[in-house]
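Visitor: output the structure for:
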Amino acid sequence: MNVLVKLEITRALRNKKYLFFTVLYPAALFLMLGGTLDGTTKVMGTELTMPAFYMVAMASFGALTAVLMGNSERIAKEREQGWVRQLRLTALPGRGYVLAKTASAGVLSLPAILAVFAVAAAVKDVRFDAWQWFALVGAIWAGSLVFAALGVAIGYLASGDTVRPVTMLFYFGLSILGGLWMPTANFPQWLQDICAWLPTHAYAALGQAIELGNAPHARDMAILAVYFVLFTGAAAWLYRKDSLKA
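Guide: Residues are numbered from 1 along each chain as shown. Okay, here's the model as predicted:
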């Protein structure tokens, strides 16, 4: 499994599209959304300034891009090209394949997080204590594993022709409704109640709590844990189902 993880990381780092869309794109969005806003104005429904709010939002969005977009499309293409069928002939168990894909995608989300943080600190003078910076990186990185598992599941759910639109539906839907592009406090109350149960909403809340000097809320961590179990279970089930077709 370790060999597969290293292979996946090496392949992604050689991909120029990966470097742009997962590392540079979120940092550029931060500059467009949060970098032009007043550093003292508070975001509606929070005690965070605009740059601080969008720093966590765009770092989370970048990690989501790295683990969801790349994972789902790569897996769907590998299925069509027969690579997954070849792996089944090795000693690698099904759960090992799912975990390797999830772990490698999680590692690849780290550069996106660090890039947004670096731009926020350099351009908008965002400042936190050392423990907060480390906690933010750890929380956002760990939370990205939830969406890495979702990417694996989508890769086995959709075909090579349909994987991109299916992934984009999840990608933009979860990003917008989870509050990564705009505060959910701007939404109608009925929609806010729905958004509060989405994994991206809980994901962004991890970093927001740390920015305010608090520990992540138990409710948000529980929501992410439940989604991780569901997505991982779905990925493993779809992998076994696909194996029976081969």
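
Visitor: report the buried residues of stretch 125-133.
Guide: Under the neighbour-count criterion of 16 or more other CB atoms under 10 Å, stretch 125-133 has Val126, Phe128 buried. Using the backbone N, CA and C atoms, a C-beta is placed for each residue, glycine as well.

Visitor: off-centre distance for that stretch?
Guide: 22 Å (CA atoms, centre = their mean, to the nearest Å).

Visitor: same check on stretch 211-222?
Guide: On the basis of CA atoms, centre = their mean, stretch 211-222 sits 18 Å off its chain's mean C-alpha point.

Visitor: now do the contacts for the residue nearest the centre of the chain.
Guide: What sits nearest the mean C-alpha location of the chain, by CA atoms, centre = their mean, is Leu64, with 2.1 Å. Residues in contact with Leu64 (CB atoms under 8 Å, 6 or more residues apart in numbering) are Ser109, Ser144, Phe147, Tyr171, Leu174, Ser175, Leu180, Thr200, Tyr203.

Visitor: for my notes, confirm it occurs in a strand.
Guide: No: looking at Leu64 with DSSP: H, G, I helix; E, B strand; the rest coil, it is helix, so not inside a strand.

Visitor: and the pLDDT at it?
Guide: pLDDT for Leu64: 90.

Visitor: quick one: it from Val152, how far?
Guide: As judged by CB to CB, to the nearest Å, Leu64 and Val152 stand 14 Å apart.

Visitor: and for Ala158?
Guide: Between Ala158 and Val152 the computed distance is 12 Å (CB to CB).

Visitor: give me the common contacts of the two.
Guide: Listed as contacting both Ala158 and Val152 by CB under 8 Å, 6+ apart are Ser72.

Visitor: of these two, which one has the most company?
Guide: The neighbour count for Ala158 versus Val152, taken as other CB atoms under 10 Å, is higher for Val152 (30 against 19).

Visitor: let's verify the residue lying closest to that one once chain neighbours are set aside: helix, strand, or coil?
Guide: Once flanking residues are discounted, Val152 sits nearest to Ala235: 4.0 Å by CB to CB, 6 or more residues apart in numbering. Following three-state DSSP, we place Ala235 in the helix state.

Visitor: Ala235 contacts Ala148, correct?
Guide: No: the pair Ala235 / Ala148 is not scored as a contact, 9.4 Å apart, by CB atoms under 8 Å.

Visitor: buried set for the regular element (helix or strand) spanning Leu145?
Guide: Take DSSP states H and E as the rule and Leu145 turns out to sit in helix 130-157. Neighbour counts over helix 130-157 (16+ other CB under 10 Å) mark 135-137, 139-157 as buried.

Visitor: before we move on, what about stretch 186-195?
Guide: The neighbour-count check on stretch 186-195 (16+ other CB under 10 Å) flags Phe187, Gln192, Cys195 as buried.
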